[in-house]
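Build the 3D model from these lines:
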Amino acid sequence: MPKKPLFLGLLLLGTAFWGISYPVVKTGVSFADPYSFQTYKFLLAAAAVALLFPRQLAQLTWRSVGWGLLLALPQFLGSTLQTIGLQTTSAANAAFLTGLSVLLVPLGKALLYRQAVAPKMWAAATLALVGLYVVAVPGSWQLHTGDGWILACAVAFAGYVLLGGRTAREPHLMAMLVMQLLGCAGLARLAGWGAGYALAVPAAGAFWQAIGFSALLATAYGYGVQHYAQQYLSEEKVALIHLGEPLFAALAGAVLLHEVLTPRTVLGGLLIFGAMVLAEVKVRGWRRSPKPASAPVSSIQNTP
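So this is what the prediction gives:
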């Protein structure tokens with residue numbers, strides 16, 4: 001099977017895990033502060049990746065350590081800024097503004113990397129953003145004080161995707177991911193101490209079940225697949241696939257929390273799905289853009 005559609009499917013599955021993790025994490029953090037939750041999540045995810053890829057970890061280099069710690073910064077910043085913003089804005093605003101990364105990624109690619117972006121990708125990103133608005137904003141748009149934090153979060157997530165495109169050529173991606181996750185765990189603990197929270201040790205089984213799901217599936221699998229997928233998928237396609245996250249979150253909320261699945265969710269989901277299809281089809285008359293720096297690199301070998 002060609003690797004591009006394979007990793008596209010695997011990345012979409014990872015996005016589903018991220019969406020499903022919303023109601024799971026919502027339950028988990030009711031037993032402890034979010035900094036403790038993130039600390040445990042990232043530590044368990046790092047341990048899982050290290051156990052699955054011991055040969056790569058044995059070949060860890062200072063270059064991989066540096067890249068991993070660098071990737072930890074936008075990943076942790078995006079998560080933290082989103083948490084701060086959610087305290088003073090609505091979930092609808094947060095979902096939509098975070099989704100602006102689908103436009104920030106191709107914009108950053110064009111401005112920072114000086115690489116052309118295919119016109120159909122701009123069209124697909126715009127269509128997906130419209131779909132996200134339909135899903136996330138049920139009524140009229142209202143500005144909140146936390147919206148600035150969410151915009152900063154979108155910039156951080158876009159930076160993570162763009163930086164991931166640069167590191168996709170590295171030889172030991174999973175060893176690098178271990179360092180990235182350990183870096184995020186360290187930042188979470190430092191942030192917790194700064195906020196006055198000691199590391200909590202809840203006795204509730206629901207807390208540890210949430211840790212297990214979010215660490216193993218949403219984090220270890222989700223980010224691990226993204227590292228490999230960015231060898232074969234452009235940065236803007238990765239950002240586009242990520243917009244499926246609120247759809248899976250809505251489905252998970254309907255199944256796990258008995259929330260109502262509205263017609264707007266279905267319509268918005270169809271628009272986002274249509275954008276993904278548009279990104280993959282060949283449109284006559286639109287010039288294909290040059291291969292990105294993180295385009296398929298058949299010569300890259302990664303030791304499992």
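
For Tyr249, report the pLDDT, please.
No Tyr there; residue 249 is Ala. If you check Ala249, the pLDDT there is 68.

Next one: Ile84 from Ile150, what distance?
Using C-beta to C-beta, to the nearest Å, one obtains 9 Å as the distance from Ile84 to Ile150. Placement of C-beta: from N, CA and C, glycine included.

of the two, who's got more company?
It is Ile150, of Ile84 and Ile150, that has more neighbours when counted by other C-beta atoms under 10 Å, with 25 against 15.

So that one, which state does it fall into?
Under DSSP: H, G, I helix; E, B strand; the rest coil, Ile150 falls in the helix class.

Same question for Gln56.
Quick answer, by three-state DSSP: Gln56 is helix.

So it is in contact with His172, correct?
Yes - contact criterion C-beta atoms under 8 Å: Gln56 and His172 qualify, at 4.6 Å.

out of everything not next to it in sequence, what's closest to the residue most central in space within the chain?
With distances taken as C-alpha atoms, centre = their mean, His242 lies nearest the centre of the chain, 6.3 Å away. Of all residues not flanking His242 in the chain, Thr15 sits nearest, at 5.9 Å (C-beta to C-beta, 6 or more residues apart in numbering).

pLDDT score for that neighbour?
Each residue has a pLDDT score; the one for Thr15 is 83.

That one and Thr83, how far apart?
Using C-beta to C-beta, Thr15 is found at 20 Å from Thr83.

More neighbours: these two, which one.
More crowded of Thr15 and Thr83, by other C-beta under 10 Å: Thr15, with 23 against 17.

Would you check how far apart that one and Lys4 are?
Thr15 sits 16 Å away from Lys4, going by C-beta to C-beta.

looking at it, Cys153 is touching Gln75, isn't it?
No - taking contacts as C-beta under 8 Å, Cys153 lies outside contact range of Gln75: 11.2 Å.

neighbour count winner among those two?
Neighbour count, other C-beta under 10 Å: between Cys153 and Gln75, Cys153 has more, with 27 against 23.

who touches stretch 205-220?
If you take C-beta atoms under 8 Å, 6 or more residues apart in numbering as the criterion, stretch 205-220 is touched by 14, 17-18, 20-21, 24-25, 27-29, 31-32, 37, 40-45, 48-49, 52, 181, 202.

Of the residues you listed, which count as buried by neighbour count?
Buried subset of those (neighbour count, 16 or more other C-beta atoms under 10 Å): 14, 17-18, 20-21, 24-25, 27-29, 31-32, 37, 40-45, 48-49, 181, 202.

Surely Pro246 and Val135 touch.
Yes - using C-beta under 8 Å, Pro246 is in contact with Val135, at 5.6 Å.

that older thread, quick one: residues contacting the residue nearest to the centre of the chain.
His242 touches 15, 18, 101-102, 157, 161, counting by C-beta under 8 Å, 6+ apart.

Identify the farthest-apart pair in these.
Trp18 and Val102 (14.7 Å; C-beta to C-beta).

how close does Glu235 get to Ala198?
Distance of Glu235 to Ala198, given as C-beta to C-beta: 39 Å.

actually Pro5, not the one I typed
When C-beta to C-beta is the yardstick, Pro5 and Ala198 sit 47 Å from each other.

returning to that earlier point: more crowded one of Glu235 and Ala198?
The residue with more neighbours, out of Glu235 and Ala198, is Glu235; 28 against 10, by other C-beta under 10 Å.

how about the host helix or strand of Trp67: buried residues?
Using DSSP states H and E, Trp67 maps to helix 62-86. By 16+ other C-beta under 10 Å, the buried positions in helix 62-86 come out as 64-65, 67-83, 85-86.

Any stretches of the stretch 101-250 of the chain with poor pLDDT?
Counting by pLDDT under 70, the stretch 101-250 of the chain has low-confidence residues at 136-143, 249-250.
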